[in-house]
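Undergrad: what follows is a protein structure lacking sequence information:
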C-alpha cells in the first residue's frame, strides 16, 4: 500500500460540517468561516520517545494527539471545527494504522470536528495536528488579563494522575487504571471553556504543569501580580497521597503536566460556572511569584515540562 492508498483507505471521510467546501483528498481544504466569528488555530505534536513511549498503542497515540491539540482551543473558549493531520510512520503496519485511524475518527465525531486534510510520510513515529475552531467576535479568552484581586479557578477532573502514570511506565509504581486514563485519554474541557467566555480574565490549559502554566499567565499579565495557592484546595487524583505521600502528590499535581484542565483567573465578583475548584488568588506583587500555603515552592521542584530538554 502506497501513501495515496493509505490516505484513501484510512483517512478519507465525507465531512459532516456543511461549512466544509473541499475536504480531505484535494491539494488543500476549503471551508467557509462562520458569520460574526473569529477563527482560532493551534498546532501540537506527539513524538514517540518524547511525548509517548517508543512502543505506543495506536488508540492511545490517537487519543493523546487529538486530546492535546483540541485542549488548546478549549483554553481560548473556542468551539472546535476542523483538524489537519500529519503522520509519520516507520513502517506501514496495517493493523496499527487501522486501529489508530478508527480511534482518531471516533474522537473526531465525539468532539464534533472534521478531518479536512493532512499528510503521511515514512519516518520515526510522530504526528502533528493542526486544530481549527471559532469563537464569537471579541470573545476569545487569552492569557493576558490576570490581575490582582482575581480568584484562581481550576476546571476539569483532578491533577497529578498523568504524571504518576509515568512512574508506572518506568516500573516504579504498580499499574493504576485511573492514572492510565488521565495519561492516555486527555479530555478537552470545551463546555467549561465556552462557559468562561466573558467570565475569565485569563485562561490556559494545564499541559506543562500547573505552576509553569500559571507563570505564563503571570508573565503575560498587564499588571504585576503574585499568586497564593492553597494546598488543601488542590484536587488530587485518586490514590496519589496513599501511594506517594502528601509532598510528592502535591509536587506531581502542581508541576507534572499532561492534565489538560483549564486554569482561569476570574474576578471575585463574577458568577463562576458550577463544577470548578477555587485553588487560590491573585495578589499584589510580593517577593515570590507563587506561594503555596504562604511559603515559597520547594527549591527541589522543577516547575514543569521543558520542551527544550
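TA: Now that the structure is in, tell me what you want to look at. As the structure is a prediction and not an experimental result, all values here were calculated from the model.

Undergrad: for the rest of this, base every contact and every neighbour count on C-alpha atoms.
TA: Fine.

Undergrad: three-state assignment of the residue lying closest to residue 167 once chain neighbours are set aside?
TA: The shortest distance from residue 167 to any non-neighbouring residue, by Cα to Cα, 6 or more residues apart in numbering, is to residue 173 (5.4 Å). Under DSSP: H, G, I helix; E, B strand; the rest coil, the three-state class of residue 173 is coil.

Undergrad: report how many residues lie close to residue 173.
TA: 14 (other Cα atoms under 10 Å).

Undergrad: thought residue 180 was touching it, still the case?
TA: No - with contact defined as Cα atoms under 8 Å, residue 173 does not reach residue 180; the gap is 11.9 Å.

Undergrad: re the thing from before, for residue 184, see how far away the residue nearest to residue 167 is.
TA: 17 Å (Cα to Cα, to the nearest Å).

Undergrad: what segments of the chain are helices?
TA: Ranges of helices within the chain are 3-10, 58-74, 94-111, 161-169, 177-184, 190-195, 210-220, 240-244, 246-255, based on DSSP state H.

Undergrad: need the per-residue pLDDT for residue 94.
TA: With respect to pLDDT, residue 94 has a value of 84.

Undergrad: ok, now which ones touch it?
TA: Applying Cα atoms under 8 Å, 6 or more residues apart in numbering to residue 94 gives no contacts.

Undergrad: ok, it to residue 62 distance?
TA: Taken as Cα to Cα, the span from residue 94 to residue 62 is 15 Å.

Undergrad: ok, now which ones touch the closest residue to residue 123 other than its chain neighbours?
TA: Leaving aside its sequence neighbours, residue 123 sits nearest to residue 90 (Cα to Cα, 6+ apart; 4.7 Å). The contact partners of residue 90, by Cα under 8 Å, 6+ apart, come to 122-125.

Undergrad: and these, which are buried?
TA: For the contacts of residue 90, a neighbour count by 16 or more other Cα atoms under 10 Å gives the buried set as residue 125.

Undergrad: ok, so of the contacts of residue 90, who is nearest residue 290?
TA: Taking Cα to Cα as the measure, residue 290 sits nearest to residue 125 out of the contacts of residue 90, at 37.8 Å.

Undergrad: hmm, the closest one is touching residue 50, no?
TA: No - judged on Cα under 8 Å, residue 125 makes no contact with residue 50 at a distance of 10.4 Å.

Undergrad: shaky segments in the stretch 201-309 of the chain?
TA: Filtered on pLDDT under 70, the stretch 201-309 of the chain yields the residue ranges 304-309.

Undergrad: then the stretch 1-150 of the chain?
TA: Where the stretch 1-150 of the chain drops to pLDDT under 70, the residues are 1-4, 7, 10.

Undergrad: what ranges do the strands span in it?
TA: With DSSP state E, counting those that start in this stretch as the criterion, the stretch 1-150 of the chain has strands at 20-22, 30-31, 37-47, 79-89, 114-122, 126-136, 150-155.
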